[in-house]
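Undergrad: quick check, what structure comes out for this input:
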Amino acid sequence: MRGDVDMRILIAEDDLASRKFLDKFLSKYGQCDLVVDGIETIETYMAAVNEGKPYDLICLDIMMPKLDGIKALKAIRDLEKQKDIAEKDRAKIIMTTALENSEYVRQSFEYGSEAYASKPIDMNKFIEVMERLELI
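TA: Below is the predicted model of the structure:
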């Protein structure tokens with residue numbers, strides 16, 4: 001974990017069961033905030049940055065209402081650049097999806113996600129990814 005404080009985690013997931021599952025699993029690593037669409041994701045992310053309490057980890061579902069996860073990812077990375085947030089201080093973003101679509105995978109990495117998890121999420125692999133990203 002970064003520093004002595006708990007990790008700040010944003011879970012962007014429109015499916016209630018997936019949202020509850022991720023919240024239950026990730027809450028032992030830090031404070032989880034939950035949002036259900038892409039617009040809310042960006043607004044919540046911006047509010048956290050403006051308060052000086054940015055997220056360490058964002059779990060971002062690809063298929064969400066109002067604005068999909070790929071567009072939300074791109075918007076978050078663009079905002080980090082605009083605010084001159086150093087690479088090492090940027091949120092780690094793990095994309096999640098039930099879809100098997102290589103184009104989404106390619107786009108998510110192109111726009112700056114660190115990892116990609118297919119649903120149902122394998123929590124052992126998820127923990128490995130969090131360790132690799134030096135979140136835990």
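
Undergrad: switch to C-alpha atoms for all contacts and neighbour counts from now on
TA: Will do.

Undergrad: tell me which element residue 71 falls in.
TA: Using DSSP states H and E, residue 71 maps to helix 69-82.

Undergrad: tell me the mean pLDDT for that helix?
TA: Taken as a whole, helix 69-82 has a mean pLDDT of 96.

Undergrad: report the buried residues of stretch 8-25.
TA: 8-14, 18-19, 22-23 (16 or more other Cα atoms under 10 Å).

Undergrad: so which of the residues you listed belong to helices?
TA: 18-19, 22-23 (DSSP state H).

Undergrad: how about a markdown table for the residues you listed, with pLDDT added?
TA: Compiled in a markdown table, these are given as follows (pLDDT from 0 to 100):
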| residue | pLDDT |
| --- | --- |
| 18 | 92 |
| 19 | 95 |
| 22 | 96 |
| 23 | 97 |
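
Undergrad: ok, back up a step: just flag the most distant two among the buried residues of stretch 8-25.
TA: 8 and 14 (19.4 Å; Cα to Cα).

Undergrad: what's the separation between residue 58 and residue 39?
TA: 14 Å (Cα to Cα, to the nearest Å).

Undergrad: the more surrounded of the two?
TA: Between residue 58 and residue 39, residue 58 has the larger neighbour count (other Cα atoms under 10 Å), namely 22 against 19.

Undergrad: what helices or strands is whichever strand or helix holds that one leaning on?
TA: Using DSSP H and E, residue 58 maps to strand 57-61. Strand 57-61 is packed against strand 7-12, helix 69-82, strand 92-97, with contacts defined by 3 or more Cα pairs under 8 Å, 6 or more residues apart in numbering; DSSP states H and E.

Undergrad: thank you, goodbye.
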